[in-house]
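Asks: Quick one: sequence and predicted model below, then my questions.
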Amino acid sequence: MPSTDPSRLDGQVALVTGASSGIGRACATMLAAAGAHVVVNYVGSAEAADAVVRDIETGGSRAIAVQADVSKEDEVVAMFDTAERELGPLDIVMSNAGIQKDAKIGDMTLDDWNAVIDINLTGGFLVGREAIRRFRAKGRRPDVSRALGKLVFDASVHQVIPWAFHVNYAASKGGIHMLMQSLAQEVAREGIRVNSVAPGAIATSINAKERESHSDDMLKLIPYGRIGEPEDIGRVVAWLVSDAADYIVGQTLFTDGGMTLFPGFRGNG
């Protein structure tokens, strides 16, 4: 039977895409801290991915780094093959890899649009589809988890909050929302739990310039009064894939300090 502590992930294997930095790195390390062995996917810096692996191994879990572009079907399949060969059948998959290419609509190129959709949305589809295929092939492991498999997407507050000058990013995250819910509706009967976490403003390299130049304006959008840290998301994901959250299916957990409360309407509605 699973651990008497339902928040533990001992004996489980997790794969996190885009795990060499930011939210992905925090999720990988938090999953490992809960007892999982972790596949650290990256597309750019092998050195950064290896540093995450070392951190995880120092904490007592196993980890490997696997390079793959999530927008490429053959690379996604090869990544899962390597993961299972090195660490065993997967119990947890987090589709986190994502990019931004911001521009006013009149200046946004088709290449800008396609690049973001290809990584954020098509990448989510490819990773999610392969995760479900592998969960089905693995079968249940009631000694480690009540679910057949746990799939989590990194969504965004911008699946519900429009974002001018970022239409490709917002469209990709709106798509992730419906991808997640539609998959959850399709596979929940098999014991596969599909959910999303939706970060608000999180201190990562993707928004470093924006935070530097507009930090005061950004804080006005966050009722809780602080910009989030990647670990805020990592802790939520580690809990969401545990048996402690076993009855949560097809949901988006907004982790945003209250940004989706639309604070501009406070006293002004």
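Replies: Sure, I can see it.

Asks: Secondary structure class of Pro89, three-state.
Replies: Under DSSP: H, G, I helix; E, B strand; the rest coil, the three-state class of Pro89 is coil.

Asks: so how far is Asp256 from Val53?
Replies: 30 Å (Cβ to Cβ, to the nearest Å). (C-beta placed from N, C-alpha, C; glycine too.)

Asks: now swap in Val39 and tell me
Replies: For Val39, the distance to Asp256 equals 27 Å [Cβ to Cβ].

Asks: Looking at the two, which one has more neighbours?
Replies: Neighbour totals were compared for Val39 and Asp256, and Val39 leads with 29 against 23 (other Cβ atoms under 10 Å).

Asks: where does the more buried one land in three-state SS?
Replies: At Val39 the chain is in strand, as set by three-state DSSP.

Asks: Does it touch Val16 like I think?
Replies: Yes - using Cβ atoms under 8 Å, Val39 is in contact with Val16, at 7.0 Å.

Asks: mind checking pLDDT for Pro2?
Replies: Note on Pro2: pLDDT of 49.

Asks: try Asp74
Replies: 98.

Asks: and it, that one's in a helix?
Replies: Yes - the assignment for Asp74 by three-state DSSP puts it in a helix.

Asks: Please report the number of neighbouring residues for it.
Replies: Residues near Asp74, counting by other Cβ under 10 Å, number 10.

Asks: ok, it - contacts?
Replies: For Asp74, the contact set (Cβ atoms under 8 Å, 6 or more residues apart in numbering) is empty.

Asks: Ser205 now?
Replies: Going by Cβ under 8 Å, 6+ apart, Ser205 touches Ser21, Gly22.

Asks: any idea which helix or strand comes after the helix-or-strand element of the chain with minimal mean pLDDT?
Replies: Taking mean pLDDT, DSSP states H and E as the measure, the chain has helix 208-220 as its least confident helix or strand, at a mean of 74. Counting by DSSP states H and E, the next helix or strand C-terminal to helix 208-220 is helix 230-240.

Asks: contacts for that following helix?
Replies: 7, 9, 22-23, 25-31, 33-34, 94, 150, 152, 154, 195, 197, 199, 202-204, 245, 248, 253, 255.

Asks: mind running it again at 6 Å?
Replies: The contact list for helix 230-240, computed with Cβ atoms under 6 Å, 6 or more residues apart in numbering, reads 22-23, 26-27, 30-31, 34, 152, 195, 197, 199, 245, 253, 255.

Asks: buried stuff in the lengthiest helix in the chain?
Replies: Longest helix of the chain, by residue count under DSSP state H: helix 167-187. By neighbour count with 16 or more other Cβ atoms under 10 Å, helix 167-187 contains the buried residues 167-177, 179-181, 183-184, 187.
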